[in-house]
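Trainee: Here is a sequence with its predicted model. Questions after.
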Amino acid sequence: MSILVIVVQLFALLFAITIHEAAHSWAAMKKGDLTAYSMGRVTLNPVAHIDLFGTIIVPVLLVLMRMPVFGWAKPVPVNAFNLKNPRRDNLWISFAGPAANFTAAGSCLLLIIALKSISPGVRVFLDGLYTYLATGSSPSLAPALKPVGGLVLILFYGALVNIYLAVFNMIPVPPLDGSGVLMGLLPPEAAHKYDKIRPYGFLIVIGLIYLGVLGFIIRPVLYVIFRLVFV
């Protein structure tokens with residue numbers, strides 16, 4: 001794998017994780033809980049969110065194994081006693097992270113489309129990028145050393161990584177963000193019963209990944225992204 005692509009993927013992941021956690025922290029602050037704010041987590045400085053294992057070690061290993069880059073940061077602490085309406089407020093706090101990633105991915109795609117429409121050189125670069133993704137041929141990425149090509153490469157992986165992070169976190173299984181959203185939508189009694197699966201949530205998530213459920217969910221989204229970028 002190209003060293004350039006490895007660096008870009010890791011940069012994109014660090015950006016995606018940072019805005020994800022900053023969005024959670026900002027939403028909690030807006031809903032009345034200043035716990036994360038007091039810890040300096042309402043910031044786009046990645047240092048405040050880095051988890052050594054989840055933000056550095058795991059992503060590097062995945063990239064080296066030619067697997068989709070993925071990772072996580074330190075969880076954002078939320079004190080429900082500081083929230084006026086814990087169930088409703090926690091829904092929005094949970095959704096804020098994936099929403100930030102969806103917004104970032106959409107912005108990256110719009111910029112690629114705009115650049116593609118005004119610069120023939122971008123289309124040439126995207127042809128080379130597609131060849132690289134299909135064959136792993138590093139020479140086709142040579143134009144990425146130029147400013148516009150490098151920007152498009154960053155935007156492309158920014159879109160991919162943010163989409164992966166958003167879709168994965170919206171799976172409604174604890175401790176993922178989707179579970180917080182679902183619990184806010186369920187009636188109180190049903191939410192209480194649903195929360196009982198929390199001790200087994202990690203095992204359920206691993207099982208879903210092993211069974212290819214995440215790939216099944218993300219595949220149509222990736223198809224749309226590739227159509228927008230390369231066609």
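Mentor: Nice, thanks for sending it over. Just so it is clear, the model here is predicted, and its values are computed rather than measured.
Trainee: which SS class is residue 19?
Mentor: Following DSSP: H, G, I helix; E, B strand; the rest coil, the label given to residue 19 is helix.
Trainee: Could I get the contacting residues of it?
Mentor: By Cβ atoms under 8 Å, 6 or more residues apart in numbering, the contact list for residue 19 reads 44, 100-101, 104. For the C-beta atoms, the positions are set from N, CA and C on the backbone; glycine is no exception.
Trainee: This structure: helices as residue ranges?
Mentor: Secondary structure of the chain, counting by DSSP state H: helices at 3-30, 35-38, 58-64, 86-118, 120-135, 147-169, 177-185, 188-194, 201-210, 213-230.
Trainee: mind listing what's buried in the fifth one?
Mentor: By that I understand helix 120-135. By neighbour count with 16 or more other Cβ atoms under 10 Å, helix 120-135 contains the buried residues 122, 125-126, 128-129, 132.
Trainee: Also stretch 94-113?
Mentor: Those would be 94-102, 104-105, 108-109, 111-112, for stretch 94-113 by 16+ other Cβ under 10 Å.
Trainee: which ones are touching the residue lying farthest from the centre of the chain?
Mentor: In terms of distance from the mean C-alpha position of the chain, residue 189 ranks first, at 31.3 Å (Cα atoms, centre = their mean). By Cβ under 8 Å, 6+ apart, the contact set of residue 189 is empty.
Trainee: what's the distance between it and residue 196?
Mentor: Computed as Cβ to Cβ, to the nearest Å, the residue 189 to residue 196 distance reads 12 Å.
Trainee: got it, and residue 42?
Mentor: Distance, residue 42 to residue 196, using Cβ to Cβ: 32 Å.
Trainee: what do you get for residue 126?
Mentor: For residue 126, the distance to residue 196 - Cβ to Cβ - is 48 Å.
Trainee: ok so, going back, between residue 42 and residue 196, which one's more packed in?
Mentor: Taking neighbours as other Cβ atoms under 10 Å, residue 42 and residue 196 compare with residue 42 leading, 21 against 9.
Trainee: Spatially nearest residue to that one (excluding sequence neighbours)?
Mentor: In space, residue 42 comes closest to residue 25 once its chain neighbours are excluded; the distance is 4.4 Å by Cβ to Cβ, 6 or more residues apart in numbering.
Trainee: ok, that neighbour - contacts?
Mentor: Contacts for residue 25 (Cβ under 8 Å, 6+ apart) come out as 36-37, 41-43, 76.
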